[in-house]
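>>> could you look at this predicted model? Sequence included:
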Amino acid sequence: MKRDSVSFVFPMFNEAENIPETVRRITALAGTICDDYEIVIADDASTDGSADVVAGLAAKDSRIKLIRLKINTKFGGALKAGLGAASKDIVVYTDSDLPAKEEDIKNAILSMDGADIITAYSLVLKDASLKRIIMSKVYNFLVRLFFGLKIRDINSGLKIYKKEVLQGLDLKSRSPFIDVEIFAEASRRGFRIKQYGLIFDLRTRGESTISRMSVVLRTFWDMLKYRLFR
């Protein structure tokens, strides 16, 4: 069963090595899911020419949209910009190195009956770094404790939203905490969340910035502000 229309959203920072292949794979996948789709790439002030690469791809395919942020926002601002520019019925967010397999993305989209949000989690330990394992467990514990969100991995690299979930949101976070903000607001408004287990592919090119101390500190600062003032 095909969906009516789908937006694929990619926040991007220094992914010149990955983004051409990601766009190629998503373009091939999109045609098997729906006839009406778009690929929205929000560049978070990359310094490696990623945005120029995407601009070249967009010049050849009108379904590719490029959004350039002038200042790096440490992920949250790029995701907000990308989600805000998405115009289709279903909005798929995943990372620019495409960690989820095409089959899982398609199956997750087609399993949305009875849910407004699909959020993925890893069926296996997806990171060998002790530091990142501990950070992830602590962060997910705090999310469950402070916001009552019983999500296995709130910052997983695949989330799918019905368009109405994102409408009217006044997102403030400029860090990976933006995922929690979206889910907390969606839960408050009564939207249904479904979790989907998969095995993510490990990154082979480029570098993830999610565990950089500046990003971690900004994430916990955004968490504190949301907890105290929202």
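Perfect, I can see it now.
>>> where does this protein dip in pLDDT?
1-3, 126-128, 206-211 (pLDDT under 70).
>>> tell me where it has strands.
Assigned by DSSP state E, the chain shows strands spanning 5-12, 36-43, 64-68, 90-94, 117-122, 158-162, 193-198.
>>> which of the ones you listed sits closest to residue 204?
strand 90-94 (15.9 Å; C-beta to C-beta). Backbone N, C-alpha and C define where each C-beta goes, glycine included.
>>> what helices or strands is that closest one leaning on?
Other helices and strands packing on strand 90-94, by 3 or more C-beta pairs under 8 Å, 6 or more residues apart in numbering; DSSP states H and E, are strand 5-12, helix 76-85, helix 102-110, strand 158-162, helix 163-166.
>>> neighbouring contacts of the second one?
Spelled out, that is helix 76-85. With contacts defined as C-beta atoms under 8 Å, 6 or more residues apart in numbering, helix 76-85 is touched by 9-13, 40-44, 65, 67, 69, 71, 91, 93, 161, 166, 171, 173-179, 222.
>>> now, of the residues you listed, which are buried?
Neighbour counting by 16 or more other C-beta atoms under 10 Å classes 9-13, 40-44, 65, 67, 69, 91, 93, 161, 166, 171, 173-179, 222 among the contacts of helix 76-85 as buried.
>>> coming back round to it: dump the strands of the chain to a markdown table, plus distance to residue 135.
Below are the strands of the chain laid out as a markdown table (distance: least, C-beta to C-beta, whole Å):
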| stretch | distance to residue 135 |
| --- | --- |
| strand 5-12 | 20 |
| strand 36-43 | 24 |
| strand 64-68 | 29 |
| strand 90-94 | 21 |
| strand 117-122 | 15 |
| strand 158-162 | 19 |
| strand 193-198 | 21 |
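>>> residue 130 is nearest to which of those strands?
The closest of the strands of the chain to residue 130 is strand 117-122. By C-beta to C-beta, the value is 16.4 Å.
>>> kindly export that closest one (C-alpha atoms) in CSV.
What follows is strand 117-122, C-alpha atoms only, in CSV (Å, rounded to 0.1, in the frame of the first residue of the first chain):
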residue,chain,number,x,y,z
ILE,A,117,4.6,8.8,15.4
ILE,A,118,7.0,5.9,14.7
THR,A,119,10.3,6.0,16.5
ALA,A,120,13.1,3.5,15.9
TYR,A,121,15.3,1.8,18.4
SER,A,122,18.3,-0.6,18.0
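>>> in its sheet, what does it sit against?
If you go by DSSP bridges, strand 117-122 pairs up with strand 158-162 (antiparallel), strand 193-198 (parallel).
>>> now do the first one against strand 90-94, angle only.
Using axes from the mean of the first three to the mean of the last three C-alpha atoms, to 10 degrees, one finds that strand 158-162 and strand 90-94 are set 160 degrees apart in direction.
>>> chain center to strand 158-162: distance?
Averaging C-alpha positions (C-alpha atoms, centre = their mean, to the nearest Å) puts strand 158-162 8 Å from its chain's average.
>>> with the longest one instead?
Centroid displacement of strand 193-198 relative to its chain, using C-alpha atoms, centre = their mean, is 14 Å.
>>> neighbouring contacts of that strand?
100-101, 104, 107-108, 111-112, 114-123, 151-152, 158, 183, 186-187.
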